[in-house]
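> the following block contains a protein sequence and its predicted model.
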Amino acid sequence: MQKFFRTYGTFGCGSWPEDGLPRQQILQLIVRLEREASECEQLVQYKQTVLVRQQQEFEDAKLTAMKMVQDAEEQFGINKEDTG
């Protein structure tokens, strides 16, 4: 929207830019900007969903790795007090 106002200027209610840009073209630009904003919002929501899933997968992988280390320590008789 800022680019729109930089390009076409700000204008009061009921008036139009002095460059003679037709009202229909301005409305089409606004509709396009609204559509692009909506697409950006959808993309952000999708990426947030992916991030939440990836964070859960990471936590699950950490727990699995910790369990594997614990199992290996038990299998080989490694005691944490002995290694420290």
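Yep, it's here.

> which stretches of this protein have low pLDDT?
1-20, 80-84 (pLDDT under 70).

> any idea how far Ser38 is from the most centrally placed residue in the chain?
By C-alpha atoms, centre = their mean, the chain has its centre lying nearest to Val44, at 3.4 Å. For Val44, the distance to Ser38 equals 11 Å [C-beta to C-beta, to the nearest Å]. C-betas here are computed from N, CA, C, even on glycine.

> next: Gln54.
Per C-beta to C-beta, Gln54 is found 25 Å from Ser38.

> so which elements touch the helix or strand encompassing Gln24?
Element membership for Gln24, per DSSP states H and E: helix 23-75. If contacts are counted by 3 or more C-beta pairs under 8 Å, 6 or more residues apart in numbering; DSSP states H and E, helix 23-75 sits against helix 2-8.

> ok, now with 10 Å
helix 2-8, helix 80-83 (3 or more C-beta pairs under 10 Å, 6 or more residues apart in numbering; DSSP states H and E).

> how distant is it from the center of its chain?
Put simply, helix 23-75 sits 6 Å off its chain's centre (C-alpha atoms, centre = their mean, to the nearest Å).
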